[in-house]
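> Show me how the following folds:
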Amino acid sequence: MKKQLKLLACCSLLLLGGIMMTGCNDNDESSSIKSNATFIEKEEICITVDETYNLKVMLKDDIQGDVKFSIGNTKYASMQNENVMKGVSVGDTNIIIRQDKSVQSIPLHVYAKDDERVSIFTLDKGRLYGKKAVFYGDSISQWGTFQSEWILKVADYYQLSHINYGISGTTLAYTEHRFNLYGHWGTEMMYTHESDNKAADYIFVLYGTNDIDEQVPVGGIYDMLEEYDDLNPTYTGAVNYAITLLQEQNPNVRIVWLSLIYRDGENVKKYNAALKDVCMSHLIKFIDMYSLWTVSDKWDYMQDSLHPNPAGNQKMFEKIINS
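Next up is the predicted model:
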């Protein structure tokens, strides 16, 4: 009988110890909090380990006064300061937002950096705010005095520290004709600016208009995946090379690849279809810009047969920040 009582006591202590340990490590009372206000219009927020996210810039425009942010379980995320949180380890918890007696609880999911779900990240202002970005492209992403409006709008909205390598006339793939004219091509530009790519949090890419004009073959989804170099014989080969190169230079960078915008002809549709397939195969963020306007309203958004006008640039900007 004494042995049975002793065994029962030991089991009780072990069970109590397990409950206490669980309570210390994994208890997250925030999941039971009932929201009675909406400070941030998000049903959930997803970040990766080590990723930072500015919660304050996500507040609705009509929110006045001091708002306090906290994390339900700091095992998974923590507040770096009063406005910015950071992913700590893989798991689920909640973000708690309070102002006086008003409260909102938003589910927070923290993923590993190599989780496949990372490729479908949304371009939240909180995610990109104050980050570093590099832009690559042709005249639609033009740099310098006449820098493309959509890039200026994107950089201003996210308060990006950005560098723009969009150069008129550039192809993504190597072509002898364009090289003789300009002395460079897209993938070569990426190779040359390795230090900028290494420092970037985000890289935005929009190429293909001049590749079409140079009659670069569309190619197949697996072009240039082995023994690759930057003298790409096809458009998809150049895309594969570019993605592989950028990820080798900076394994943590997030690439955002924009489709070609609307232009007359069937080749642009073939390029965009192939581009989307390649981006999906690499789990790269792909944004469809082609469908922003059509043949019936193209002159509302284009200044000529290739380039967007101010209204078109605004459309592109809005599409990006809502993707």
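
> CA only for contacts and neighbour counts going forward, please
OK.

> ok, L231 touching Y174?
Yes: taking Cα atoms under 8 Å as the definition, L231 is a contact partner of Y174 at 5.3 Å.

> who has more neighbours, those two?
Y174 (24 against 18; other Cα atoms under 10 Å).

> what sits against the more buried one?
By Cα atoms under 8 Å, 6 or more residues apart in numbering, the contact list for Y174 reads 185-187, 230-233.

> any idea which of the residues you listed is the one closest to N73?
T187 (43.4 Å; Cα to Cα).

> Out of the helices and strands in this structure, which is least certain?
helix 2-26 (a mean of 39; mean pLDDT, DSSP states H and E).

> Tell me the buried residues in the very next helix or strand once past that one?
Counting by DSSP states H and E, the next helix or strand C-terminal to helix 2-26 is strand 45-48. Within strand 45-48, the residues that count as buried by 16 or more other Cα atoms under 10 Å are 45-48.

> so what strands line up beside strand 45-48?
Using DSSP bridges, strand 45-48 pairs in its sheet with strand 102-111 (parallel).

> which helices and strands does the very next helix or strand once past the partner strand pack with?
The helix or strand immediately downstream of strand 102-111 is helix 125-128, counting by DSSP H and E. Packed against helix 125-128 by the contact rule (3 or more Cα pairs under 8 Å, 6 or more residues apart in numbering; DSSP states H and E) you find strand 52-54, helix 149-158.

> if we can go back for a sec, would you tell me which one of the contacts of Y174 comes nearest to D138?
Closest to D138, out of all of the contacts of Y174 and judged by Cα to Cα, is G186, at 8.4 Å.

> State the distance from T192 to M224.
19 Å (Cα to Cα, to the nearest Å).

> Compare those two (neighbour count), which wins?
M224 (23 against 12).

> Just name the closest of the contacts of Y174 to N313, please.
With Cα to Cα as the yardstick, the closest approach to N313 among those comes from G186, at 21.8 Å.

> any weak-confidence spans in this protein?
1-31, 143-147, 227-230 (pLDDT under 70).

> Residues in contact with stretch 217-230: which ones?
With Cα under 8 Å, 6+ apart, stretch 217-230 has contacts from 173-174, 187-188, 232-238, 240-241, 270-271, 274, 277-278.

> Selecting buried members of those residues in ChimeraX, what would you type?
With 16+ other Cα under 10 Å as the criterion, this ChimeraX line picks the buried residues out of the contacts of stretch 217-230:
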select :173,174,187,188,232,233,234,235,236,237,238,240,241,271,274,277,278
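
> Show me the helices in the stretch 51-200 of the chain, by range?
125-128, 149-158, 176-182, 186-192, 194-199 (DSSP state H, counting those that start in this stretch).

> for those helices, which one ends up most surrounded?
With neighbours defined as mean count of other Cα atoms under 10 Å, these peak in mean count at helix 125-128, which reaches a mean of 21.

> circling back to that earlier point, for the contacts of Y174, which one is nearest I321?
Using Cα to Cα, the contacts of Y174 come closest to I321 at G186, 24.5 Å.

> dump the residue contacts of that closest one.
So G186 contacts 136-137, 170-174, 207 (Cα under 8 Å, 6+ apart).

> same question, L160
Contacts of L160 (Cα under 8 Å, 6+ apart): 128-133, 154.

> Could you point out which of the residues you listed is nearest to V84?
Nearest to V84 among the contacts of L160, with distances taken as Cα to Cα, is Y129, at 10.2 Å.

> where's the closest residue to the closest one other than its chain neighbours relative to V88, distance?
Excluding the flanking residues, the one nearest Y129 by Cα to Cα, 6 or more residues apart in numbering is Y158, at 4.6 Å. Y158 sits 23 Å away from V88, going by Cα to Cα.

> Any chance of the buried residues of strand 45-48 in TSV with distance to Y202 as columns?
Below are those laid out as TSV (distance: Cα to Cα, whole Å):
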residue	distance to Y202
I45	19
C46	17
I47	15
T48	14
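
> ok, D264 - how many residues close by?
Counted with other Cα under 10 Å, D264 comes out at 12.

> mind checking the SS state of it?
coil (DSSP: H, G, I helix; E, B strand; the rest coil).

> cool, T236 as well?
Under three-state DSSP, T236 comes out as helix.

> Can you classify the residue nearest to it when sequence neighbours are not counted as helix, strand or coil?
The spatial neighbour of T236 that comes closest, neighbours along the chain excluded (Cα to Cα, 6+ apart), is G219 at 5.4 Å. State at G219, reduced to three classes by three-state DSSP: coil.

> Distance check, G219 against P233.
Taking Cα to Cα, one finds G219 at 8 Å from P233.

> In TSV, list the helices of the stretch 51-200 of the chain along with distance to M58.
What follows is those, written out as TSV (distance: least, Cα to Cα, whole Å):
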stretch	distance to M58
helix 125-128	6
helix 149-158	11
helix 176-182	42
helix 186-192	32
helix 194-199	25
